[in-house]
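> Any chance you can model this:
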Amino acid sequence: MHIVMPIFQDANGLAIKFFIQKDIAQEIQAELCEVVASLGGRVEAKVPRQGYVLVQPGTAEEERLRLCWMAQDRPQRHFVPYTYVEACKIAGMQLKQIFVENGLPVKMHIHPSIANINARTTLSQRIMHSGGDPTSSPQSAKIILADPNTEVFQHLVKTYQGIPDKHVESYLWVKKCVEKGSLVYTPLIYKNPGGRRPGEERTPFTEDDEQRLCEWIAAKIPYKQTGGRTGNRLYQQLCEMIADPEYAWVSRHTWQSWRERYKKNAVRLDTMIAQIVDQKKPVPGEQGQYGYVRQDEENNKRPRKKRTKPAEQNLHKQEMIIGGINGNGAEVPVIVFNASPVESGPSTSRVFVRNSPAEEELEDGEDSEEWAVRIGNEPPPKWGKRPASEESEARNPRKRMKSDDSDSIQGTLLDPGVHLIDRTLQEIATQYRFTLEEVKEFYDQCGEMERTKNRFQKMRQILSSIGES
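As a prediction, this is how the structure comes out:
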């Protein structure tokens, strides 16, 4: 028959000795004496060499007792709160003083991430019942207890993991240690920062891998000038095809590896892709990475009329008028001469003003209406008058622009030689007031025109709502 030993008796059957702080209330002291005696222990009038000193935490008398009687040469003398007796009675066993090193309590700090007041109180009592000191600061504490379900826990681990003899533990760690009856720290596991492990071989790229990669790119983006060959989405889509038996070869590398393989060998692989495109000759409009394939096309820009400044327009008219010199038009006659038409470039006509009266005389037959001149402030001849349409255009050059020009978007002229996709991206950038580079960058990543438009439309709505608020 197994005999149950009293809780407060050692292996030899001797009573464990207790000393009670003198300024604790008399009724509490009387109750403690009764419980200790019922559990096989004995209350002493003096501090025992081996045993327990029951104190009231946070009082001056407790601090005095610790200063006077706590010493490393007395490792068997333990200071515990007077609630230790009741805790042992509830647990049905004597709680071991596991949070003690070299005869001194292990300093602990309960982090504010453990926000529940009741949880903090229970945790603090459990630590003190097992010999620890939960009142230390984060700097002086050897163990910091925090809530592992918060972001600050990982921050604490990274902050203190390089400091020797400093540990960050979960609040559940205390209970585990009490149940095991020993102080066991959570071991550190060194995480692989990346790269191959020692002795692990990297899967090399073969010629077959490159050939298949080129065939994939040729099918999706046959023409490099359309862009997108170095984007992430192209290679992510490739690895998404791994479920297809025909694409089982994709599993040999990650999508990042496929992308880097093309990026580092773009010149050589582009040549291979061009050869594949020449052989297969994809149909214009065929489905590809961006919904259709953008093929090579000549950059045939629509010719535009060269707009000249008003001064240049007057210079390139059929006749040019030289008025009076120094504003004295009444004394010096006006000379008119024909200038040959010039199709492009600045005029090379040279203007000379005759200086002597003899040079101003006309030859025979030169007084016809064709050679009529304006003298002084007289009205100009018929040939010197502009048509009404030219005068209105000269006054309002902006009227020459077509208001319903399909190549104009909100006042921004679009180059008719630009590809349809680039024009669409420019329309999105203009419509929602973003830079063309931002729109192109997002489009190259996602590869979907409708998604790009919805993205910048939503961003503009958000920015507008922020401005209104």
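> Confirm that L54 sits in a strand.
Yes. L54: assigned to a strand according to DSSP: H, G, I helix; E, B strand; the rest coil.
> residues contacting it?
By CB atoms under 8 Å, 6 or more residues apart in numbering, L54 lies in contact with F18, F19, I20, Q21, I24, L32, V80, P81, Y82, Y84, V85. Heads up, the C-betas are built off the backbone N, CA and C, glycines and all.
> Quick one: residues in contact with the helix or strand that contains F79.
Using DSSP states H and E, F79 sits within strand 77-81. Strand 77-81 is contacted from outside by 47-57, 62, 65-66, 69-71, 97, 100, 105, 125, 128-129, 131, using CB under 8 Å, 6+ apart.
> That strand pairs with which strands, and in what direction?
Strand 77-81 has the following sheet partners, assigned by DSSP bridges: strand 51-55 (parallel).
> picking up where we left off before, mark which of the contacts of strand 77-81 are part of helices, please.
With helices identified by DSSP state H, the entries of these that belong to them are E62, L65, R66, W69, Q125, M128, H129.
> Return the closest of those residues with respect to K458.
Closest approach between the ones in helices among the contacts of strand 77-81 and K458, by CB to CB: Q125, at 54.3 Å.
> Report how many residues lie close to the residue nearest to the closest one when sequence neighbours are not counted.
Leaving aside its sequence neighbours, Q125 sits nearest to T83 (CB to CB, 6 or more residues apart in numbering; 6.5 Å). Around T83 there are 16 other residues, counting by other CB atoms under 10 Å.
> So T83 is in contact with S124, correct?
No. Counting by CB atoms under 8 Å, T83 does not reach S124; the two are 11.0 Å apart.
> Now render the contacts of L54 as a markdown table, adding secondary structure, pLDDT and neighbour count.
Formatted as a markdown table, the contacts of L54 follow (DSSP: H, G, I helix; E, B strand; the rest coil; pLDDT from 0 to 100; neighbours: other CB atoms under 10 Å):
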| residue | secondary structure | pLDDT | neighbour count |
| --- | --- | --- | --- |
| F18 | strand | 93 | 23 |
| F19 | strand | 94 | 20 |
| I20 | strand | 93 | 22 |
| Q21 | coil | 93 | 19 |
| I24 | coil | 92 | 17 |
| L32 | helix | 92 | 21 |
| V80 | strand | 91 | 22 |
| P81 | strand | 91 | 19 |
| Y82 | coil | 92 | 20 |
| Y84 | helix | 92 | 24 |
| V85 | helix | 92 | 25 |
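> Distance to D147 for those - can I get that in TSV?
Converted to TSV, the contacts of L54 look like this (distance: CB to CB, whole Å):
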residue	distance to D147
F18	35
F19	37
I20	36
Q21	33
I24	34
L32	34
V80	26
P81	24
Y82	29
Y84	26
V85	30
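> Nearest to P164 among the residues you listed?
V80 (29.1 Å).
> partner residues bridging that closest one?
Going by DSSP bridges, V80 forms beta bridges with L54.
> Now do it against R460, distance only.
67 Å (CB to CB, to the nearest Å).
> Please apply the same query to L420.
With distances taken as CB to CB, L420 is found 23 Å from R460.
> Of these two, give the one with the bigger neighbour count.
Under the criterion of other CB under 10 Å, the comparison of L420 against R460 puts R460 first, with 14 against 10.
> can you tell me the helix or strand for E441?
Using DSSP H and E, E441 falls in helix 436-446.
> can you list contacts of that helix?
227-228, 231-233, 425-426, 428-429, 449, 452, 455-456.
> Stretch 28-45 too?
Here stretch 28-45 has contacts from 5-9, 15-20, 24, 51, 54, 82, 85-86, 88-89, using CB under 8 Å, 6+ apart.
> can you rerun that using 7 Å?
6-9, 15-20, 54, 82, 85, 89 (CB atoms under 7 Å, 6 or more residues apart in numbering).
> Tell me the buried residues in that stretch?
Q29, L32, C33, V35, V36, L39, G40, G41, R42, V43 (16 or more other CB atoms under 10 Å).
> now the contacts of strand 77-81: which count as buried?
Looks like the contacts of strand 77-81 have 48, 51-57, 62, 65, 97, 100, 105, 125, 128-129, 131 buried, using 16+ other CB under 10 Å.
> just to revisit the earlier point, adding distance to L269 and pLDDT, write the ones in helices among the contacts of strand 77-81 out as CSV.
As requested, these are exported to CSV (distance: CB to CB, whole Å; pLDDT from 0 to 100):
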residue, distance to L269, pLDDT
E62, 78, 88
L65, 81, 90
R66, 76, 86
W69, 81, 87
Q125, 69, 90
M128, 69, 90
H129, 70, 90
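> Can you tell me which of the residues you listed lies closest to A218?
Using CB to CB, the ones in helices among the contacts of strand 77-81 come closest to A218 at Q125, 72.1 Å.
> related to what we said a few turns ago, need the max-distance pair from the ones in helices among the contacts of strand 77-81.
W69 and Q125 (21.9 Å).
> who's in contact with L123?
When contacts are counted by CB under 7 Å, 6+ apart, L123 touches I110, L145, Y171, V174.
> least confident pick among the residues you listed?
Lowest in pLDDT among the contacts of L123 is Y171, which has 89.
> give me phi/psi at that one?
phi -60, psi -20 (degrees, to the nearest 10).
> Run a quick neighbour tally on it.
Counted with other CB under 10 Å, Y171 comes out at 20.
> tell me the SS of I375?
coil.
> mind checking pLDDT for it?
The model's pLDDT for I375 equals 70.
> roughly how far apart are it and A60?
From I375 to A60 the distance is 122 Å (CB to CB).
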